[in-house]
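Asker: here's a sequence, model it:
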Amino acid sequence: MSKSVTQELRHAIVAALPADTSLHDGSPEAKHVYVPPSHIRALRLENDLVIGGRGVGKSFWGAALRDETIRRMLGGAVPGLPETIVQSGFGERPDVALYPDADTFSALMGTKLDAYPVWRAVVRRWAATIVEPTSSNAVETWDQTVERVKSDPESFARLLEEANQKLTIRGIHGLIIFDALDRSSTDWTTMDKIVRDLLRVVLALKSFTRLHAKVFLREDQFDNRMVTDFPDSSKLQSNRVELTWAPHDLHGLLWQYLLNADGSHGETLRRLYEQTAGTPLTKPADDVWQLPDGAKREGDLQKRLFAALAGEYMGRDHRRGFTYTWSVGHLADARRRTSPRSFLAGIRAAAEDSMVRYPDYSYPLHYESIKRGVQKASEIRVNEMAEDYPWVKKLLDPLSGLTVPCEIEQIDGRWQSDLGMVPHLLDLGKLPPEHVGDGWGGVRRDLTTLGMFETMRDNRVNMPDLYRVGFGLGRRGGVKPAAKGAAT
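Answerer: Just a heads-up that it's a prediction; the model follows:
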C-alpha cells in the first residue's frame with residue numbers, strides 16, 4: 001500500500017468516525033444504525049424493560065425508535081415497528097407538555113413519594129393524543145392531570161380502552177418511551193420509588209394489545225434493588241433485555257461507519273473493504289450501505305478487515321498481541337465489557353495520531369497510535385462517567401500516581417488524606433454513591449459495580465485501562481497515562 005493511499009485512508013477513517021458519538025437527545029443518522037443480533041430483542045414491542053451501562057446504546061435506541069424513517073428501516077428485523085407511532089414519556093430533553101420535569105415531578109409526588117399517579121398522568125396525556133390527535137394537553141397543568149387520574153380512575157381506564165381500540169382499527173401500535181430517569185431525582189430512595197411505580201404502570205399496559213411501553217434503565221437503577229417488588233413483576237422481568245456488545249459487534253459497527261463515510265472518503269474505504277473481502281458491495285437504493293453478514297461475525301473476514309487497517313500484530317510479531325483483540329480488550333471495563341463509544345473514539349484517535357506521527361507506516365493505524373487511542377478513549381470515558389456520576393471524579397482524582405494492582409489500604413489512605421469524611425460526597429447535584437453510608441468499603445463496592453474497580457484473588461484492587469489511564473494511575477508494562485496537556 002503506497003504512502004499516499006495510506007494517508008488517504010487515515011483521513012477517511014477520521015472523517016467517517018464522529019468526534020462525539022453522544023446524540024444529546026437528537027436523532028441518529030440512518031447510515032449509522034447498526035443492529036447487533038442481541039439488540040433486536042430490545043427493539044421489539046413486547047419487551048418493555050431494557051437495561052444497560054453508560055454508552056451501550058440506551059439513548060441511541062430510544063432516539064432511533066422515535067424516528068419514523070429509522071423505524072421503517074428496522075422493519076425487516078423487527079416486524080411491527082413501521083406501523084408504530086412513538087412518543088416520549090420521559091427523556092433527557094425537557095418537554096413539559098409530554099412529561100413533568102424533575103422539579104415538577106418532585107412536587108407532584110409530595111411528601112409520600114407517590115409516583116404512581118404521576119406516571120398514570122403521563123400515560124393519560126399520551127392516550128389522549130391517540131384518541132384525539134389534534135387535541136392539546138397544554139391547557140391543563142400537571143397537577144390537574146394527576147388529580148384527574150386519582151379522582152376518576154374509571155375515566156382513565158376507559159380512555160386506555162378507547163386508545164387501544166383506535167389503534168386496532170387503524171392497524172397500528174402505540175409506544176411510549178421512558179429514558180434518562182436518573183434525571184428525575186438525586187436521592188436513591190426517591191429514585192427507587194419513581195422506577196418501581198413506573199414499572200407498575202408499564203405492567204398495567206401489557207393487558208392492551210396495541211399500547212406498549214419501553215423503559216431504558218441504568219444497571220445501578222435495577223440490579224440488586226427493590227424496584228420489582230410488586231405483584232406480577234415477573235411478567236416484565238422475563239422479557240427484560242440487557243444491552244451488551246460482543247467484540248465482533250464492535251468491529252461490525254466500525255465498518256458500518258466506514259462504509260458510509262461521505263463522498264470520496266466513503267469510496268476509499270469501500271474500495272479497501274472490497275479488496276480485502278474479495279467481493280463487491282451491493283449499491284443501496286436508499287444510500288445507506290449495509291455491511292454484509294459475513295463481516296458481522298467473528299471470523300477470518302472480520303480479522304482480515306481489521307488487519308487491513310492496523311496490521312496483524314501490536315508490534316513486530318505476535319508476542320505483543322493481535323490488533324484485532326487488543327483494541328477491544330484494552331477498552332473494556334472491569335466486567336470485560338467495551339462500549340461502542342469508547343471503541344470508535346479509540347480508533348478515530350489512533351488514525352489521527354498515525355497521520356501525524358507515523359506518515360510512512362504501511363498501515364493506516366500504527367500499533368503505538370492504537371495505544372494512544374486508548375489514552376484518548378479513556379479521557380473521553382472519564383468525562384462521560386463524570387456527567388452521570390460526578391462523585392466518581394472526586395473519588396478517583398486523589399488516586400492519580402498510584403500503580404495498580406495495589407493494596408486496599410493504599411486507596412483508603414489517599415481518600416482519607418485528601419477527602420476526609422465520606423458524607424460530603426453527597427452534595428453533587430446527582431445520585432450519590434449508593435453505599436456511601438457504609439464508608440470507604442461501600443464506595444469501593446459502588447465503583448466495582450460500575451466496572452471501575454476489580455478485586456483480585458489476593459484482595460488487591462485493580463483498575464482496567466479504560467479508567468486507569470484517564471485518571472492517571474500506572475501499571476507495570478501497561479499503557480501509560482497521557483501526560484496532562486499532551487497531544488494524543
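
Asker: sketch out the low-pLDDT regions of the protein for me.
Answerer: 1, 21-26, 135-138, 224, 421-429, 482-488 (pLDDT under 70).

Asker: domain parsing for it?
Answerer: 3-15+246-385, 37-242, 389-468 (automatic domain parsing).

Asker: what would these look like in a markdown table with distance to E29 and mean neighbour count?
Answerer: Placement of C-beta: from N, CA and C, glycine included. Conversion of the domains of the chain to a markdown table gives the following (distance: least, C-beta to C-beta, whole Å; neighbours: other C-beta atoms under 10 Å):
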| stretch | distance to E29 | mean neighbour count |
| --- | --- | --- |
| domain 3-15+246-385 | 8 | 19 |
| domain 37-242 | 9 | 18 |
| domain 389-468 | 26 | 17 |
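
Asker: can you add distance to V479 and give these back as TSV?
Answerer: As requested, these are exported to TSV (distance: least, C-beta to C-beta, whole Å):
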stretch	distance to V479
domain 3-15+246-385	5
domain 37-242	20
domain 389-468	5
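
Asker: kindly export the helix or strand encompassing G346 (C-alpha atoms) in CSV.
Answerer: Using DSSP states H and E, G346 sits in helix 340-357. Presented in CSV, the C-alpha positions along helix 340-357 are these (Å, rounded to 0.1, in the frame of the first residue of the first chain):
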residue,chain,number,x,y,z
PRO,A,340,-19.2,1.4,21.2
ARG,A,341,-18.4,5.0,22.1
SER,A,342,-15.0,4.0,23.6
PHE,A,343,-14.1,1.7,20.7
LEU,A,344,-15.0,4.3,18.0
ALA,A,345,-13.2,7.1,19.9
GLY,A,346,-10.1,4.9,20.3
ILE,A,347,-9.9,4.1,16.6
ARG,A,348,-10.5,7.6,15.5
ALA,A,349,-7.8,8.9,17.8
ALA,A,350,-5.4,6.2,16.5
ALA,A,351,-6.0,7.4,12.9
GLU,A,352,-5.3,11.0,13.9
ASP,A,353,-2.1,10.0,15.8
SER,A,354,-0.8,7.8,12.9
MET,A,355,-1.4,10.6,10.5
VAL,A,356,0.9,12.9,12.4
ARG,A,357,3.5,10.6,14.0
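
Asker: packing partners of it?
Answerer: helix 3-16, helix 247-259, helix 323-329, helix 367-388 (3 or more C-beta pairs under 8 Å, 6 or more residues apart in numbering; DSSP states H and E).

Asker: export these as CSV, with columns for distance to K430.
Answerer: Listed next are these as CSV, based on distance: least, C-beta to C-beta, whole Å:
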stretch, distance to K430
helix 3-16, 33
helix 247-259, 28
helix 323-329, 30
helix 367-388, 7
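
Asker: Q416: which of those helices is closest?
Answerer: Closest approach to Q416 among the helices and strands packed on helix 340-357 (C-beta to C-beta): helix 367-388, 22.2 Å.

Asker: just the residues contacting the next helix or strand after that closest one, thanks.
Answerer: Scanning forward in sequence from helix 367-388 by DSSP H and E, the next helix or strand is helix 390-396. Helix 390-396 is contacted from outside by 382, 385-386, 415, 419, 425, 428-430, 432-433, 443, 447, 450, 452, 467, 471, using C-beta atoms under 8 Å, 6 or more residues apart in numbering.

Asker: in helices only, show me these.
Answerer: If you go by DSSP state H, the contacts of helix 390-396 have 382, 385-386, 415, 443, 447, 467 in helices.

Asker: okay, strands next: where are they in this protein?
Answerer: 49-52, 84-90, 173-178, 211-218, 241-242, 454-455, 461-462 (DSSP state E).

Asker: with distance to D192 as extra columns, can I get these in CSV?
Answerer: Output for the strands of the chain, formatted as CSV (distance: least, C-beta to C-beta, whole Å):
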stretch, distance to D192
strand 49-52, 15
strand 84-90, 16
strand 173-178, 15
strand 211-218, 11
strand 241-242, 20
strand 454-455, 26
strand 461-462, 28
